[in-house]
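*Asks:* fold the following and give me the result.
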Amino acid sequence: MTEISDTELLETPLASLHRELGARMVPFAGYSMPVQYPKGIIAEHNWTRESAGLFDVSHMGQAFLVGPDHATTARALEALTPGEFAALAPGRVRYTLLTTDRGGIIDDLMVTRPLDPAEDGVLGLIVNAGRKVIDYAHLAARLPADVGLQVAEDRALLALQGPKAAAVFARHCPAAAAMGFMTSIRTEVDGVEAIVSRSGYTGEDGYEISVPGDAAERVARALLADTEVEPIGLGARDSLRLEAGLCLYGHDIDEATSPAEADLGFAIPKRRRIEGGFPGADRILGELASGAPRLRVGIRPEGRAPARDGTEIRDASGTLVGIVTSGGFGPSVGGPIAMGYVAADCAAPGTPLLLSVRGKDLPASVAPLPASRETFMTTYFTKDHEWIRIDGDLATVGITDYAQSQLGDVVYVELPEIGKALAKGDEAAVVESVKAASEVFAPVSGTVEAVNAALTDEPGKINESPEAEGWFVKLKLTASDELAELLDEEAYKAFVETL
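*Replies:* Got it, this is the predicted structure:
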């Protein structure tokens, strides 16, 4: 393998700031990047879980697909991915996958439809640093003549993540305070033009902030001036995403891995499953319908020894059944955690496993993902298709995308009074659509702290953004033990598949 010298490495616009802050710089995806700062990886990890961490992710690829109108651009992207973009509402962000003709994953990426009508026909892309050259070539060779690819080499990308990120960022970008999860706006951050999305790669609430490269240091210094914000390196970014059960390209997903094997079926909506028409559809849809031969799972090793990527996984009888693709120490969990692929008949939570670590078979078991759902904002679901997102003792309630699709266009919403006490199962709202009226029930007991008054004049937000801007009420929890009776995301997806 040809080694890349330090002089050949690319740098982000924040390289000088990283060195000023005492970062240890390492090669990553062709760039010189900060792996950690003087306080160390564990301290940075814990700070992000407890406060707000600032990440430089300017090595990621930023680009735009530009066509004559949204329908044309969306159709072009749908021909290359299993995602649905024709119905993507303005100001919304969606996770998707570039797939091969054999059903493997070329890359996973984020797609944004700008909110501004003047940008109709534009879709923003964020792709992985180590894949951006491949992605751009793949897209350029397959886009129709009326849709172009514009690479934004002159932009930097920052990520502000953690439970205090929203409060901090509102002081620098007031418009961001009203943003829902997986939404995007073009705005200003400390006077700098920015494209902001409420998303991230840590399992925490937060924002990704795209700014001109020559203004990146100004924005970063302004954010770091807040006492709640610390700089965070790649080391903690990896442990954070591992705890959150998020894939790293080249480790957990690659061109040999299908979305079904990787448990990424949520990125393939119902219409695309019915219609197909995307690269690798035969394999991918077949595995979603009948089951993949192997599955990505969480793994909890016993003891303190971590199992790194490449570790062989055996069943209780000693038969080789899989391999670890990501592993290390989970500071929030207080022990080693891992992800990997195992034979489908070994994928049930609790299944005993053996990990071959330094010549010894160490006991482990299949564990749910994320590794510690108590450590970050968590969403639960009901079989009546309500969702409830927990942030401390505050719970936001809405209906799922599946529910709004069954209702049809919503024309009227009735909300409860602030201060009203609701028991689990009480009516929390009434929704009337062109088809019928329907009650929304409180998934748990609590007192109404806030209602989404915007729905009174714009009930269509429930259709456009059901799991973000279309929320109904915020409850102060009075019986948090009731959360144990709700479905997690994986269980809810499985339930919907039976309908």
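
*Asks:* show me what whichever strand or helix holds residue 300 is packed against.
*Replies:* In the assignment (DSSP states H and E), residue 300 maps to strand 294-301. Identification of packing neighbours for strand 294-301 by 3 or more CB pairs under 8 Å, 6 or more residues apart in numbering; DSSP states H and E yields strand 320-330, strand 335-343, strand 352-357, strand 360-367. (Each C-beta comes from the backbone N, C-alpha and C, glycine too.)

*Asks:* can you rerun that using 6 Å?
*Replies:* On a contact count with 3 or more CB pairs under 6 Å, 6 or more residues apart in numbering; DSSP states H and E, strand 294-301 meets strand 335-343, strand 360-367.

*Asks:* helices or strands up against the first one?
*Replies:* In this structure, strand 335-343 makes packing contacts with strand 294-301, strand 320-330, judged by 3+ CB pairs under 6 Å, 6+ apart.

*Asks:* what pairs with it, parallel or antiparallel?
*Replies:* Here strand 335-343 is paired, per DSSP bridges, with strand 294-301 (antiparallel), strand 320-330 (antiparallel).

*Asks:* how about the CA coordinates for the longest one, as CSV?
*Replies:* Below are the C-alpha coordinates for strand 320-330, written out as CSV (Å, rounded to 0.1, in the frame of the first residue of the first chain):
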residue,chain,number,x,y,z
LEU,A,320,-17.8,-19.2,12.8
VAL,A,321,-21.0,-17.1,12.2
GLY,A,322,-19.7,-13.5,11.5
ILE,A,323,-17.3,-10.7,12.0
VAL,A,324,-17.0,-7.5,14.1
THR,A,325,-17.1,-4.4,11.9
SER,A,326,-16.8,-1.7,14.6
GLY,A,327,-15.8,-2.0,18.2
GLY,A,328,-14.3,-0.2,21.1
PHE,A,329,-15.0,1.2,24.6
GLY,A,330,-18.3,2.9,25.1
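
*Asks:* what residues of that strand count as buried?
*Replies:* For strand 320-330, burial by neighbour count (16 or more other CB atoms under 10 Å) applies to 321-322, 324-330.

*Asks:* of the helices and strands packed on strand 294-301, which shows the lowest average pLDDT?
*Replies:* With a mean of 93, strand 360-367 has the lowest mean pLDDT of these.

*Asks:* the next helix or strand after that strand - what's its average pLDDT?
*Replies:* Downstream of strand 360-367, the first helix or strand assigned by DSSP H and E is strand 378-381. Mean per-residue pLDDT for strand 378-381: 84.

*Asks:* contacts for strand 378-381?
*Replies:* 387-390, 486-487, 492 (CB atoms under 6 Å, 6 or more residues apart in numbering).

*Asks:* before we move on, what about stretch 49-68?
*Replies:* 12, 14, 29, 31, 47, 73, 121-127, 129, 132, 146-148, 150-152, 155-157, 159-162, 164-165, 168, 223, 228-232, 237, 332, 375.

*Asks:* that one: how far from the chain's middle?
*Replies:* 12 Å (CA atoms, centre = their mean, to the nearest Å).

*Asks:* any buried residues in that stretch, and which?
*Replies:* Buried residues in stretch 49-68, counted by 16+ other CB under 10 Å: 49, 51-67.

*Asks:* what does the average pLDDT come to for that stretch?
*Replies:* The average pLDDT within stretch 49-68 is 97.

*Asks:* that older thread, in PyMOL, select just the buried ones from the contacts of stretch 49-68.
*Replies:* The buried residues among the contacts of stretch 49-68 can be selected in PyMOL (16+ other CB under 10 Å) with this line:
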select buried, resi 12+14+29+31+47+73+121+122+123+124+125+126+127+129+132+147+152+155+156+157+159+160+161+162+164+165+168+223+228+229+230+231+232+237+332+375
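
*Asks:* wait, residue 446 sits on residue 479?
*Replies:* No. If you go by CB atoms under 6 Å, residue 446 and residue 479 don't touch, sitting 7.7 Å apart.

*Asks:* residues contacting residue 280?
*Replies:* By CB under 6 Å, 6+ apart, the residues touching residue 280 are 99-103.

*Asks:* quick one: those residues as TSV, columns for pLDDT, neighbour count and secondary structure too.
*Replies:* Putting these into TSV (pLDDT from 0 to 100; neighbours: other CB atoms under 10 Å; DSSP: H, G, I helix; E, B strand; the rest coil) gives the following:
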residue	pLDDT	neighbour count	secondary structure
99	98	25	strand
100	98	15	coil
101	98	11	coil
102	98	13	coil
103	98	24	coil
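
*Asks:* show me which of the residues you listed is closest to residue 271.
*Replies:* Nearest to residue 271 out of these is residue 99 (CB to CB; 16.3 Å).

*Asks:* would you mind measuring from the closest one to residue 150?
*Replies:* Counting by CB to CB, to the nearest Å, the gap from residue 99 to residue 150 is 23 Å.

*Asks:* and residue 350, by the same measure?
*Replies:* From residue 350 to residue 150 the distance is 49 Å (CB to CB).

*Asks:* before we move on, back to that, what is the lowest-pLDDT residue among the contacts of strand 378-381?
*Replies:* Note: of the contacts of strand 378-381, the lowest pLDDT belongs to residue 390, at 80.

*Asks:* name the element that one belongs to?
*Replies:* For residue 390, the host element (DSSP H and E) is strand 386-391.

*Asks:* paired strands for that strand, with orientation please.
*Replies:* Under the rule (DSSP bridges), strand 386-391 has strand 378-381 (antiparallel), strand 394-399 (antiparallel) as partners.

*Asks:* returning to that earlier point: out of residue 446 and residue 479, which sits in the more crowded spot?
*Replies:* Neighbours per residue (other CB atoms under 10 Å) separate residue 446 from residue 479, with residue 446 holding more: 28 against 11.

*Asks:* which one is the more buried one nearest to, not counting chain neighbours?
*Replies:* Of all residues not flanking residue 446 in the chain, residue 475 sits nearest, at 3.1 Å (CB to CB, 6 or more residues apart in numbering).

*Asks:* tell me the SS of the one you found?
*Replies:* strand (DSSP: H, G, I helix; E, B strand; the rest coil).

*Asks:* re the thing from before, would a markdown table of the strands paired with strand 335-343 with mean pLDDT be doable?
*Replies:* Below are those laid out as a markdown table (pLDDT from 0 to 100):
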| stretch | mean pLDDT |
| --- | --- |
| strand 294-301 | 96 |
| strand 320-330 | 97 |
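
*Asks:* any chance of those in CSV, with distance to residue 310 too?
*Replies:* Supplementary listing: the strands paired with strand 335-343 in CSV, determined by distance: least, CB to CB, whole Å:
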stretch, distance to residue 310
strand 294-301, 13
strand 320-330, 7
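
*Asks:* among those strands, which comes closest to residue 201?
*Replies:* strand 320-330 (13.1 Å).

*Asks:* what does that closest one contact?
*Replies:* 239, 242-243, 248, 251-252, 306-309, 311-315, 336-343, 346, 371.

*Asks:* can you give me the helices for the stretch 1-150 of the chain?
*Replies:* Assigned by DSSP state H, counting those that start in this stretch, the stretch 1-150 of the chain shows helices spanning 15-20, 41-50, 70-78, 132-142.

*Asks:* so which of those comes closest to residue 453?
*Replies:* With respect to residue 453, and counting by CB to CB, the nearest of those is helix 70-78 at 29.0 Å.

*Asks:* buried sites along the closest one?
*Replies:* For helix 70-78, a neighbour-count test (16+ other CB under 10 Å) marks 70, 73-74, 76-78 as buried.
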